[in-house]
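[1] Structure, please.
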Amino acid sequence: MKKKKQLLLMTTMLVFIVVLSACGTSEISASSTGVWEKIVYLFAQAVKGLSIGGSRGIGIILFTLIIRIILLPLMHFQTKSMRKTQELQPKIKQLQQQYASKDVETQQKFREEQQKLYAEYGVNPYAGCLPLLVQMPILMAIYQAISRVPELREGSFLWLKILGEPDPYFILPVLAAILTFASTYLSSMSQVESNASLKVMNYVMPVMIFVMAVNLPSALSLYWVVSNAFQVVQTLLINNPFKIMKEREEMARKERERVRALERAQNPKKKRKK
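    The predicted model follows:
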């Protein structure tokens with residue numbers, strides 16, 4: 001199931017790159033008639049409306065924060081769903097061992113038992129992909145707004161003279177990559193069991209973000225930096241891996257003490273010998 005989710009993530013990123021390269025380049029204005037163009041224009045107007053002092057960079061930052069706050073309930077739902085899924089991994093592994101045979105009948109039985117387990121604990125293994133699928137159209141709309149609405153494309157912010165062009169000093173691409181790594185790494189720390197493919201993703205995703213940020217408008221890199229910084233803070237506040245690890249260690253300690261107490265109760269003679 002994890003492999004399917006990771007494959008979906010990689011596929012979505014590749015589709016995103018293809019879509020960005022294939023999107024139209026004509027300017028968008030209030031007179032544009034297409035549904036997508038209307039959405040992009042509304043995004044551009046929102047950024048312009050939030051541009052305090054005429055700074056498009058501030059507008060993008062505030063717009064990004066508002067979008068992230070709106071998506072916060074969905075992200076919180078994703079976090080709870082992923083944590084439930086992680087906690088079930090030992091039970092899933094037991095089922096895999098129990099139905100290890102690769103024949104069709106056994107594998108069908110395994111899938112049925114797995115679905116029963118998910119239903120019993122209220123887990124939807126695909127729920128973790130929903131926020132990604134919601135964010136991709138938003139990201140594409142922001143990219144289109146920046147590249148096709150002149151007022152945003154020609155804006156400036158700090159050392160960025162033109163937001164419609166890549167960061168000449170690679171500051172934002174590096175920050176975007178670092179914050180992407182921090183976000184994925186913090187999330188992976190709370191995993192019940194280490195996963196080799198997830199560890200690879202922790203390094204592949206930042207590299208992909210860096211490569212795209214180097215070539216795409218710096219305004220989009222700014223969106224990634226702010227969005228991933230928000231994600232890092234959100235993870236530390238809502239799904240703090242250090243707190244989760246401490247709670248699991250405490251539960252494991254109590255379980256060990258319970259087992260020892262049970263053994264002593266069942267073997268009183270052994271206890272007196274000590």
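[2] Please count neighbours and contacts with C-alpha atoms only from this point.
    OK.
[3] which strands and helices sit next to the strand or helix carrying residue 62?
    Per DSSP states H and E: residue 62 is located in helix 56-87. For helix 56-87, the elements it packs on are helix 35-49, helix 130-148, helix 218-238, judged by 3 or more CA pairs under 8 Å, 6 or more residues apart in numbering; DSSP states H and E.
[4] give me that answer again for 10 Å
    Contacts defined by 3 or more CA pairs under 10 Å, 6 or more residues apart in numbering; DSSP states H and E place helix 56-87 against helix 35-49, helix 130-148, helix 150-153, helix 171-189, helix 218-238.
[5] Of those helices, which is nearest residue 259?
    Residue 259 lies closest to helix 171-189 among the helices and strands packed on helix 56-87, at 27.3 Å (CA to CA).
[6] now that closest one against helix 218-238, angle please.
    In terms of direction (axes from the mean of the first three to the mean of the last three CA atoms, to 10 degrees), helix 171-189 departs from helix 218-238 by 30 degrees.
[7] Now helix 171-189: buried residues?
    Residues of helix 171-189 classed as buried: 172-188 (neighbour count, 16 or more other CA atoms under 10 Å).
[8] tell me the mean pLDDT over it?
    On average, the pLDDT along helix 171-189 is 88.
[9] Just after it, pick out the following helix or strand.
    helix 196-215.
[10] which residues touch residue 247?
    Residues near residue 247 by CA atoms under 10 Å, 6 or more residues apart in numbering: 241, 253.
[11] tell me which element it falls in.
    Secondary structure assignment for residue 247, by DSSP H and E: helix 241-266.
[12] between that helix and helix 218-238, what angle do the directions make?
    Per the same axes, to 10 degrees, the angle that helix 241-266 makes with helix 218-238 is 30 degrees.
[13] Give me the distance between helix 241-266 and the centre of its chain.
    Mean C-alpha position of helix 241-266 versus that of the full chain (CA atoms, centre = their mean, to the nearest Å) differs by 31 Å.
[14] For that helix, which residues meet the burial criterion?
    If you call a residue buried by 16+ other CA under 10 Å, then helix 241-266 has these buried ones: 241, 244.
[15] on that earlier part again, okay, the helices and strands packed on helix 56-87 in TSV with distance to residue 262 next?
    Formatted as TSV, the helices and strands packed on helix 56-87 follow (distance: least, CA to CA, whole Å):
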stretch	distance to residue 262
helix 35-49	63
helix 130-148	44
helix 150-153	68
helix 171-189	32
helix 218-238	36
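[16] nearest to residue 102, of these?
    If you check each of the helices and strands packed on helix 56-87 against residue 102 by CA to CA, helix 171-189 wins as the nearest, at 29.6 Å.
[17] May I have the closest one as CSV, with CA atoms only?
    Coordinates of each C-alpha in helix 171-189 appear next as CSV, following Å, rounded to 0.1, in the frame of the first residue of the first chain:
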residue,chain,number,x,y,z
ILE,A,171,18.7,31.1,-2.6
LEU,A,172,15.0,30.1,-2.9
PRO,A,173,15.7,26.8,-4.7
VAL,A,174,18.1,25.8,-1.9
LEU,A,175,15.7,26.9,0.8
ALA,A,176,12.8,25.0,-0.9
ALA,A,177,14.9,21.8,-1.1
ILE,A,178,16.1,22.1,2.5
LEU,A,179,12.6,22.7,3.9
THR,A,180,11.1,19.9,1.7
PHE,A,181,13.7,17.5,3.2
ALA,A,182,12.9,18.8,6.7
SER,A,183,9.2,18.3,6.2
THR,A,184,9.5,14.7,4.7
TYR,A,185,12.2,13.7,7.2
LEU,A,186,10.2,14.9,10.3
SER,A,187,7.1,13.0,8.9
SER,A,188,9.2,9.8,8.4
MET,A,189,10.6,10.0,11.9
